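Q: can you look at this prediction? I've put the sequence above it.
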Amino acid sequence: MQKFIDSYDFAGKKAIVRVDFNVPLDENFNVTDDTRIRRAVPTLRKVLDKGGALILMSHLGRPKKVDPKFSLRHIVGRVSECLGTPVRFADDCQKADGQAAALKPGEVLMLENLRFYAEEEGKPRGLAEDASDEEKKAAKAAVKASQKEFVKKLASYADCYINDAFGTAHRAHASTALIAEYFPDDKMFGYLMEGEINAIENVLKNARHPLTAIIGGSKVSSKLAVLKNLVGKVDNLIIGGGMGYTFVKAQGGHIGDSLHEDELIPDALEILKEAEEKGVNVSLSVATVAANEFSNDAERKIFDIDDIPDGWEGMDASPASLENWKKIILASKTILWNGPVGVFEFPNFAKGTLQIAEDLAEATANGAYTLVGGGDSVAAVTRMGYADKVSYVSTGGGAMLEAIEGKELPGIAAIRG
Ligand code: AMP
């Protein structure tokens, strides 16, 4: 049964915590952004302050074998600084028995990168490119078999398990899901996970209406499941960014050289039809800031969204589109935003995305609940200094997307189940 970090008695216990310390490092292996470490601190301090000891486990990067470049040893100093206490290090996450057993209340041990082992992800490694189906199957079975021992070893270090790694909650890996089985009555979410889950439920389950989703980004294909799930739930669906042009083309508009996916036109039409049947207001750009080439310094011109000449491509939402969207946003009580409404990487085409960030801050100040997720949207609110002016900024890109697709995330199910 799921337990709760606030009421669990950690005194004299060892907690193994899955954190997401997959932080960026510079060429000298210094941590360049410690946000992920700092966001785990409330959970970690709680355990220590209640008389528990910590065993921290994480992945870093995508190593396919033991590789010193991806050692978590590089971040021990920063974790220690953020926690305000020394942190010991176990060179091998599978050989930490002695160090784990020796931990006293208030002490912290961090395990080496879980992904030095194929068993963490449970996927075979080093298969020849021309491996036969039989060989692939056998390799998969072998790693699944050794995965059981891998998980068991990690679990043997501790008395309870905390998952505070939302960024990997959509993966059924050893440390994010499988390990929970060894702690049927001693498993719980950390504060970060609780915060993420509450934020998603505030939008998908308990939303105050009107509920508006702003979905942007490059491709319909990567957010099709998101759109399909949201169209049954929201009152307003704002579709911006590159993906909007597929919808415009689907309705017969001329989009010049704008990004689009012809093969997704039937899906776009289906979403529009379903929205109409359900009385959902779909709002696309009315006009676009277009460029004569894909570059920041391109010539810029505004065209109606369905009348973009050949040789020009839509790159950002126009002021008129942003005015429309602002009205919708400010009239909403719950707003979800995922994905930029323009080519945010180019300063000359980032205005629309930054304006959305500003509108969300204004809506939040007026009492709306606002959830922001996805790399560029989070970067936009952060760049505008609004990270504290929206209700919640999600830490998980892929995990957040899968959650708003309506999927149950393995990392969440493993604790609740
Ligand atoms: P996603 O990862 O799907 O959220 O998409 C983010 C990407 O969408 C960013 O790299 C943006 O530059 C890109 N994007 C947004 N609007 C456009 C557009 N109008 N044309 C091309 N790319 C765009």
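A: Ah, there it is.
Q: and stretch 303-322, how far apart are its ends?
A: One end of stretch 303-322 sits 14 Å from the other (Cα to Cα, to the nearest Å).
Q: what is the burial count for the closest residue to residue 261 other than its chain neighbours?
A: Leaving out its chain neighbours, the residue that sits closest to residue 261 by Cβ to Cβ, 6 or more residues apart in numbering is residue 246, at 5.2 Å. In short, each C-beta sits where N, CA and C put it, glycine included. As a burial measure, residue 246 scores 24 neighbours (other Cβ atoms under 10 Å).
Q: my guess is residue 246 contacts residue 258, does it?
A: No - using Cβ atoms under 8 Å, residue 246 makes no contact with residue 258, being 9.1 Å away.
Q: so residue 188 sits against residue 160, correct?
A: Yes - using Cβ under 8 Å, residue 188 makes contact with residue 160 at a distance of 7.3 Å.
Q: which residues are common contacts for these two?
A: 3, 8 (Cβ atoms under 8 Å, 6 or more residues apart in numbering).
Q: OK, contacts around the residue of the chain found nearest the ligand?
A: Nearest to the ligand, among the residues of the chain, is residue 217, at 2.7 Å (Cβ to the nearest ligand atom). Applying Cβ under 8 Å, 6+ apart, we find residue 217 in contact with 223, 241, 242, 243, 338, 339, 340, 374, 376.
Q: coming back round to it: list the contacts for the residue nearest to residue 261?
A: Here residue 246 is in contact with 220, 260, 261, 262, 264, 265, 268 (Cβ under 8 Å, 6+ apart).
Q: and it, its phi and psi?
A: phi -60, psi -40 (degrees, to the nearest 10).
Q: cool, residue 371 as well?
A: Per-residue torsions, residue 371: phi -120, psi 130 (degrees, to the nearest 10).
Q: I'd like to know how many residues surround it.
A: Neighbours of residue 371 under the rule other Cβ under 10 Å: 27.
Q: then the one 5 residues further on?
A: Residue 376: 21 surrounding residues under other Cβ under 10 Å.
Q: re the thing from before, the residue of the chain closest to the ligand belongs to a helix?
A: No - under DSSP: H, G, I helix; E, B strand; the rest coil, residue 217 falls outside any helix and is assigned coil.
Q: residue contacts, the closest residue to it other than its chain neighbours?
A: Excluding the flanking residues, the one nearest residue 217 by Cβ to Cβ, 6+ apart is residue 339, at 3.2 Å. Residues counted as contacts of residue 339 (Cβ under 8 Å, 6+ apart) are 214, 215, 216, 217, 223, 240, 241, 243, 374, 376, 377.
Q: might one say that the fifth one is in contact with residue 401?
A: Yes - with contact defined as Cβ under 8 Å, residue 223 counts as touching residue 401 (7.3 Å).
Q: what touches both of the two?
A: Joint contacts of residue 223 and residue 401 (Cβ under 8 Å, 6+ apart) are residue 338.
Q: okay, and the beta partners of residue 337?
A: Beta-bridge pairing for residue 337 (DSSP bridges): residue 214, residue 372.
Q: state the distance from it to residue 319.
A: Distance from residue 337 to residue 319, counting by Cβ to Cβ, to the nearest Å: 19 Å.
Q: could you do residue 157 as well?
A: Distance from residue 157 to residue 319, by Cβ to Cβ: 57 Å.
Q: what about these two, which has more around it?
A: Taking neighbours as other Cβ under 10 Å, residue 157 and residue 319 compare with residue 157 leading, 21 against 14.
Q: and for the closest residue to the more buried one other than its chain neighbours, the neighbour number?
A: In space, and not counting its chain neighbours, residue 157 is closest to residue 100: 3.8 Å by Cβ to Cβ, 6+ apart. Other residues lying near residue 100 total 19 when counted by other Cβ under 10 Å.
Q: tell me which other helices or strands the host helix or strand of residue 100 touches.
A: Assigned by DSSP states H and E, residue 100 belongs to helix 97-101. On a contact count with 3 or more Cβ pairs under 8 Å, 6 or more residues apart in numbering; DSSP states H and E, helix 97-101 meets strand 88-90.
Q: pLDDT (mean, whole number) over the strand it packs on?
A: If you average the pLDDT over strand 88-90, you get 98.
Q: direction included, what does it pair up with?
A: As assigned by DSSP bridges, strand 88-90 forms pairs with strand 108-111 (parallel).
Q: now do the longest helix that the chain contains: which elements does it pack against?
A: Across the chain, the helix with the greatest residue count (assigned by DSSP state H) is helix 133-156. Using 3+ Cβ pairs under 8 Å, 6+ apart, the elements in contact with helix 133-156 are helix 118-121.
Q: report the distance from the worst-scoring helix or strand of the chain on mean pLDDT to the chain centre.
A: When the helices and strands of the chain are compared on mean pLDDT, DSSP states H and E, helix 375-383 comes out lowest with a mean of 88. From the chain centre to the centre of helix 375-383 is a distance of 13 Å (Cα atoms, centre = their mean, to the nearest Å).
Q: helices and strands around it, which ones?
A: Helices and strands touching helix 375-383, by 3+ Cβ pairs under 8 Å, 6+ apart, are helix 351-365, strand 392-393.
Q: at 10 Å instead, please
A: Using 3 or more Cβ pairs under 10 Å, 6 or more residues apart in numbering; DSSP states H and E, the elements in contact with helix 375-383 are strand 334-338, helix 351-365, strand 369-373, strand 392-393, helix 397-404.
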